[in-house]
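In: Below is the sequence, then the predicted model.
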Amino acid sequence: MKGNMVLHTRDIMVPENGITAAIDQYASSASLKDLGLVKDVLGSLVESKTQVDAIRYAFQNLTTPSLVDFCIVALQVTRDANVQYGIEECFMEFSMQSLETYCILLEKGMHLGEIWPLWTYSLVMPQAEKHIFDAMILRREACNVMVVHHFIAGKKHRDAYKVLIATIQACNAQSFRVLLYVMREFPPDPLKQTPFRMIFRTLVLAGYKPDQDFVSGLTGVGYKKRYFGNFTPLGIWYRNYAKTVKNLTHLCRIAVRKQFTYNVFYSVNKLKIPEKLKQYILLRDHHTESVIYSQKG
């Protein structure tokens, strides 16, 4: 993995009291030696539940810099889905620390596909970009029973949309399948209008185009209207946006984002350009954020 550390852990003794003790020792020292110990113990764990529990424990007890390095070595230990799923769940349960860790991992040069377990995604159609917006309503479609809906869309993922926004900001032309995976696993709930609006507008500003059926559903027309609440203002916002002639700087931003080989966070940081221009490419400039987080629509 480009930009990631490589740890050699030979001659490190693994204590009998296991992974939590190793993480506690690393939390108190933040040394590469103790991080190597964590890597050895984590790699020796056999049961998937123990691996995931260890990852959760690390997210609860490590500071952000130490947590970033922990995630790197955890992903180095094995390509087994358990490690990726454990980290994925911690990101999507959301805390400011997990979002910060996620962004730093991307800035260090991790591909989005190295963080999300994409081999579970063999059934995804090749034309992933066309299904991004449909993935936004998957939870609503799957949760007609209110008890099930309450369980899935409850407190656990209430702020996961912030990780979704960061994922959209980090996506390049090669990351459609990654983004579609994240959207389908953790779609913004249409019943919670504010996060849904934010995700929709972020996707649009990043260059994704909803099909006509989706836009019609927002305005209460067509077969997809059953998925939405009162999203007519959002549908009107999009139709007005689509009719507006885009300025050259925005068109250049979309073109530049598609040219990056690594995720956009890492690639932008490598450019020798002013900080304001970097933030613009990342969809983090003041004007773009005012559109994304607007209460209108």
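Out: Right, received. Where do you want to start?
In: show me what contacts the nearest residue to P195 once chain neighbours are set aside?
Out: Once flanking residues are discounted, P195 sits nearest to Y161: 3.8 Å by C-beta to C-beta, 6 or more residues apart in numbering. Any C-beta I mention is one placed from the backbone N, CA and C, and that applies to glycine too. By C-beta atoms under 8 Å, 6 or more residues apart in numbering, the contact list for Y161 reads 188, 195, 198-199.
In: And these, which two are furthest apart?
Out: Using C-beta to C-beta, the pair of these lying farthest apart is P188 and M198, separated by 7.7 Å.
In: Settle it for me: which of the two has more neighbours?
Out: The residue with the greater number of neighbours, taking P188 and M198 and applying other C-beta atoms under 10 Å, is P188; the counts read 26 against 20.
In: Now do the same for the more buried one: helix, strand or coil?
Out: Taking DSSP: H, G, I helix; E, B strand; the rest coil as the rule, one finds P188 in the coil state.
In: Can you give me the pLDDT of it?
Out: With respect to pLDDT, P188 scores 83.
In: where's it relative to I165, distance?
Out: Taking C-beta to C-beta, to the nearest Å as the criterion, P188 is separated from I165 by 10 Å.
In: Spit out the residues that contact these two alike.
Out: In contact with both P188 and I165: 198-199, using C-beta under 8 Å, 6+ apart.
In: Identify the residues contacting V83.
Out: 42, 51, 55, 74-75, 77.
In: For those, which single residue is the most surrounded?
Out: Among the contacts of V83, the one with the most neighbours (other C-beta under 10 Å) is I55, at 25 neighbours.
In: Now it: closest residue in space that isn't a chain neighbour?
Out: If the residues on either side of it in the chain are set aside, I55 comes closest to G86, at 3.7 Å by C-beta to C-beta, 6+ apart.
In: what's the burial count for the one you found?
Out: Other residues within reach of G86, judged by other C-beta under 10 Å, total 23.
In: Now name the helix or strand holding it.
Out: Secondary structure assignment for G86, by DSSP states H and E: helix 81-93.
In: gap between the helix or strand where I23 lies and the chain center?
Out: Element membership of I23 [criterion: DSSP H and E] is helix 18-29. Averaging C-alpha positions (C-alpha atoms, centre = their mean, to the nearest Å) puts helix 18-29 27 Å from its chain's average.
In: Flag every buried residue along it.
Out: Counting neighbours by 16 or more other C-beta atoms under 10 Å, one finds that the buried residues in helix 18-29 are 19, 22-27.
In: Show the model's pLDDT score for K225.
Out: With respect to pLDDT, K225 scores 78.
In: make that L118, sorry
Out: 68.
In: Contacts only, for A54.
Out: 19-20, 23, 42, 45, 86.
In: three-state assignment of it?
Out: helix.
In: and the gap between it and M198?
Out: Between A54 and M198 the computed distance is 33 Å (C-beta to C-beta).
In: swap in H250?
Out: Here H250 is placed at a distance of 18 Å from M198 (C-beta to C-beta).
In: Also T63?
Out: Between T63 and M198 the distance, using C-beta to C-beta, works out to 28 Å.
In: residue ranges of the helices in the stretch 151-297 of the chain, please?
Out: Remark: helices assigned in the stretch 151-297 of the chain by DSSP state H, counting those that start in this stretch are 161-170, 176-185, 193-205, 212-218, 232-243, 248-259, 264-269, 275-281, 286-292.
In: Out of the contacts of V83, give me the two with the largest separation.
Out: Farthest pair in the contacts of V83 (C-beta to C-beta) is Q51 and L75. Separation: 11.9 Å.
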